[in-house]
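Enquirer: my questions concern the predicted model and sequence given below.
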Amino acid sequence: MPAGEFVIRTAEIGDLPALLALYHELNPADPAMDRAHAEERFQAILAQSGMTVLVGVAGQAVASSVTLVIVPNLTRNGASYALIENVVTAASHRQRGYGKALIGQAIETAWKASCYKVMLLTGSRDPATLRFYQNCGFTQDKTGYQIRRPADD
C-alpha cells in the first residue's frame, strides 16, 4: 500500500452517503434506510462517547470502514474493553490491505485507551474472511452467542 494513497480518519457527517453504500455491500438484503432517519442515527453515533467510525479513504473515495466501541468496565481493575463491528471494504477496493490497516488503527486506538482486550464477531464462515481476521491478530478462543429481536408481527 503506497504512502499517501490511503488515509485513515474518523468519519464525518459528509461521509454518510459513502458509508450507506459500504453498509449496503456488507448487508445487501437490508432495506434502504430513509435519509432523514440515517442522518439522525449517524448524528447519534458521532455524538456517542467511546464510539468511533473509522473510514479509509483511497484517493477521494471512502473505500472501507470499521466501527470501534470502547466500553467502560468494572472488572479487570476498571480497564475498558473494545468491540469492532461493521468491518467492510468496497468490493472495488479489496485485496489492497485497507481493511487490515483500518483494523490495525482501531486496535491501536483501543490500546491507547487502555483497553485490556479487543473483540470482534463475524457471522461469516468463509475461510478467507476467517483467515483475514487471524492475519489481523485475532484468535478464535472464545464462544460467541447472540440473540436477535424477533420480527414484529
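Expert: All right, it came through fine.

Enquirer: show me what contacts residue 122?
Expert: Contact analysis of residue 122 by CB atoms under 8 Å, 6 or more residues apart in numbering lists 87, 129-130, 133. Bear in mind the C-beta positions are built from the backbone N, C-alpha and C, glycine included.

Enquirer: which two in those residues are spaced the farthest apart?
Expert: 87 and 130 (12.6 Å; CB to CB).

Enquirer: out of the two, which sits in the busier spot?
Expert: Between residue 87 and residue 130, residue 87 has the larger neighbour count (other CB atoms under 10 Å), namely 21 against 14.

Enquirer: once you drop chain neighbours, what's closest to the more buried one?
Expert: residue 66 (5.2 Å; CB to CB, 6 or more residues apart in numbering).

Enquirer: count of residues packed around that neighbour?
Expert: 27.

Enquirer: in its sheet, what does the helix or strand where it lies sit against?
Expert: Per DSSP states H and E: residue 66 is located in strand 61-71. Here strand 61-71 is paired, per DSSP bridges, with strand 51-58 (antiparallel), strand 81-89 (antiparallel).

Enquirer: relative to strand 81-89, how tilted is the next helix or strand after the last one?
Expert: Right, strand 81-89. Using DSSP H and E, the next helix or strand after strand 81-89 towards the C-terminus is helix 98-112. Relative orientation of helix 98-112 versus strand 81-89 (axes from the mean of the first three to the mean of the last three CA atoms, to 10 degrees): 160 degrees.

Enquirer: kindly state the pLDDT recorded for the most centrally placed residue in the chain?
Expert: By CA atoms, centre = their mean, the mean C-alpha position of the chain lies nearest to residue 66, the distance being 2.2 Å. Note for residue 66: predicted pLDDT of 98.

Enquirer: so it versus residue 84, what's the distance?
Expert: 6 Å (CB to CB, to the nearest Å).

Enquirer: intersection of neighbour lists for the two?
Expert: 103, 106.

Enquirer: tell me where the protein is predicted with low confidence.
Expert: For the chain, the stretches flagged by pLDDT under 70 are 1-4, 153.

Enquirer: which ones are touching residue 113?
Expert: 70, 80, 82.

Enquirer: same thing but at 6 Å, please
Expert: residue 70 (CB atoms under 6 Å, 6 or more residues apart in numbering).
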